[in-house]
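[1] 3D model of this:
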Amino acid sequence: MRHPGALLALWRARYDLWRVRRLPDARVRAALVGAGVGASVLVAAGLGAVGVPWRELPQALGDVTHPAHVVLWQIRLPRIVAGMLVGASLATAGALLQAVVRNPLADPAIMGITAGAGLGGLIGILLLPEYRYALPACAFLGGLGATTVVLGVAWTGRGLMVPLRIMLSGVAVQALLFSAVALLTYAFADRAPAFVAFTIGSLAGVGWRDVGLALGPTLAGVALALAGTRGLNLLLLDDASAAGIGLHVERARLGAACVAALLAAGAVSVAGLVGFVGLVVPNAVRLLVGPDHRVLLPLAALGGAGLVVVADSAARTVAAPLELPVGALLAMIGGPYFLFELWRRVV
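    Model prediction:
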């Protein structure tokens, strides 16, 4: 009987051969990703308590007398746009962190950045409840603080940030920060409804103001990530080779981690502690187009946007009239995927 590792290696070799022979050109694959995102938006706009056939969507959007006009513009579209921004932010942040630690199992949640941003957001809700626009700043400071702790712990005596140390430090910091989130939620149980929705992750009640909160961090973070694609590609090499080409490795890691913190903070400020998007999407896109971040990052952003929109559509329709938290549905996807990836690399 063959060892499971040998069977898995054989399966992967056969899949790689099939992919080379059967999958279309990378540009066609990119177009398919974009078409999938567009289809997810159309489906999400039509689904809900007030169903709108896709043929009527243009009329419903443009005609103020249409029965679904107000529902689309005031409820459904802001939620869809917010979901797209959240998904794009988390997927881009995941791709950045996977380059930083050279490990496909990294994402903002596993690295502690999401927990730090969430703790900062909860503190902002407590201290500045009337200042909604302060929430992204508090979340960013929390995420940046978590990033600083993780990288500080990973810093060796020789001035190096070893990828494995960064990964393990992130897991430890995540556990500490989530315990702080739990204690904060317990201590302020009178605000449990708002806290529970935030800690589980939800897009319920999101409006255009929330879209405005997430828009700036998302656009700035994605733009900074795209501007640093050369450094991200060099980080995939070992440290000595990357430094030999001229890359300041520690500075590149620190910059990418700070951009990931900015992106995660923007997502957390709108949707709460949504996880696993940054794990699943970059790995799936990498299988389609390869590791080049010039292609990977924009397609990961698109794929993340589509995934969150689909998950949120399922969250509000699967158990209607009860609405499920989108964070829980994404965890149901990401948890098994994480275990599979972990098993695949250990066996």
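[2] do I have it right that Gly112 meets Ala180?
    No. Because the distance of 11.2 Å does not satisfy Cβ atoms under 8 Å, Gly112 is recorded as not touching Ala180. Bear in mind the C-beta positions are built from the backbone N, C-alpha and C, glycine included.
[3] tell me which of those two has more neighbours.
    Gly112 (25 against 16; other Cβ atoms under 10 Å).
[4] got the contact list for that one?
    For Gly112, the contacting residues are Ala146, Val149, Val150, Ser169, Gly170, Val171, Ala172, Val173, Gln174, Leu177, taking Cβ atoms under 8 Å, 6 or more residues apart in numbering as the criterion.
[5] of those residues, just the buried ones, PyMOL syntax please.
    Those of the contacts of Gly112 that count as buried under 16 or more other Cβ atoms under 10 Å are selected in PyMOL with:
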select buried, resi 146+149+150+169+170+173+174+177
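[6] which one of the contacts of Gly112 is nearest Ala256?
    Val150 (12.6 Å; Cβ to Cβ).
[7] against Val101, how distant is the closest one?
    According to Cβ to Cβ, to the nearest Å, Val150 and Val101 sit 10 Å apart.
[8] Ala175 now?
    In this structure, Ala175 lies at 17 Å from Val101, with Cβ to Cβ as the measure.
[9] where exactly do the helices run in the stretch 101-250 of the chain?
    All helices of the stretch 101-250 of the chain, identified by DSSP state H, counting those that start in this stretch, fall at 113-127, 134-154, 163-187, 192-200, 208-227, 229-235, 239-245, 249-271.
[10] select from those helices the stretch with the lowest mean pLDDT.
    Confidence, taken as mean pLDDT, is least for helix 192-200 of the helices of the stretch 101-250 of the chain (a mean of 71).
[11] contacts only, for the residue nearest the centre of the chain.
    The residue lying closest to the centre of the chain (Cα atoms, centre = their mean) is Leu90, at 1.9 Å. Leu90 makes contact with Asp107, Pro108, Leu263, Ala264, Ala267, Val274, Val277, Gly278, Val281, Gly304, Val308 under the criterion Cβ under 8 Å, 6+ apart.
[12] give me the neighbour count for the last one.
    This points to Val308. The tally of other residues near Val308 (other Cβ under 10 Å) stands at 34.
[13] which residues does it contact?
    For Val308, the contact set (Cβ under 8 Å, 6+ apart) comprises Gly83, Met84, Val86, Gly87, Leu90, Ala271, Val274, Val277, Val326, Leu330.
[14] go on, the third one?
    For Leu263, the set of contacting residues under the criterion of Cβ under 8 Å, 6+ apart consists of Ser89, Leu90, Thr92, Ala93, Leu96, Pro108, Pro217, Thr218, Gly221, Val222, Ala225.
[15] one more pass at 10 Å, please.
    Applying Cβ atoms under 10 Å, 6 or more residues apart in numbering, we find Leu263 in contact with 85-86, 88-94, 96-97, 108, 113, 117, 140, 143, 214, 217-218, 220-222, 224-225, 278, 301.
[16] would you mind measuring from it to Gly327?
    With distances defined as Cβ to Cβ, the gap from Leu263 to Gly327 amounts to 17 Å.
[17] then the last one?
    Distance check for Val308 against Gly327: by Cβ to Cβ, it reads 10 Å.
[18] give the residues shared as contacts by those two.
    With contacts defined as Cβ under 10 Å, 6+ apart, the residues adjacent to both Val308 and Gly327 are Gly201, Leu203, Ala271, Val274, Val277, Ala315.
[19] the last one sits in which helix or strand?
    Assigned by DSSP states H and E, Ala315 falls within helix 293-317.
[20] quick one, grab the pLDDT at the closest residue to Pro291 other than its chain neighbours.
    The spatial neighbour of Pro291 that comes closest, neighbours along the chain excluded (Cβ to Cβ, 6 or more residues apart in numbering), is Leu236 at 6.2 Å. For Leu236, the model assigns a pLDDT of 87.
[21] what residues does the residue nearest to Ala180 when sequence neighbours are not counted make contact with?
    Among residues not flanking Ala180 along the chain, Leu119 sits closest, at 5.5 Å (Cβ to Cβ, 6+ apart). Applying Cβ under 10 Å, 6+ apart, we find Leu119 in contact with 138-139, 141-143, 145-146, 176-178, 180-181, 184, 268, 273.
[22] give me the buried entries from those residues.
    Neighbour-count burial within the contacts of Leu119 applies to 138-139, 141-143, 145-146, 177-178, 180-181, 184, 268, 273; the criterion is 16+ other Cβ under 10 Å.
[23] roughly how far does Thr229 sit from Pro53?
    When distance is defined by Cβ to Cβ, Thr229 is 41 Å away from Pro53.
[24] who's more crowded, these two?
    Between Thr229 and Pro53, counted using other Cβ under 10 Å, Thr229 has the larger neighbour count: 17 against 9.
[25] ok, the closest residue to Ala146 other than its chain neighbours to Leu219 distance?
    If the residues on either side of it in the chain are set aside, Ala146 comes closest to Gly116, at 2.6 Å by Cβ to Cβ, 6+ apart. Using Cβ to Cβ, we find Gly116 at a distance of 22 Å from Leu219.
[26] same check on Asn283?
    Where Leu219 is concerned, Asn283 sits at a distance of 24 Å (Cβ to Cβ).
[27] what do you get for Arg230?
    Using Cβ to Cβ, Arg230 is found at 21 Å from Leu219.
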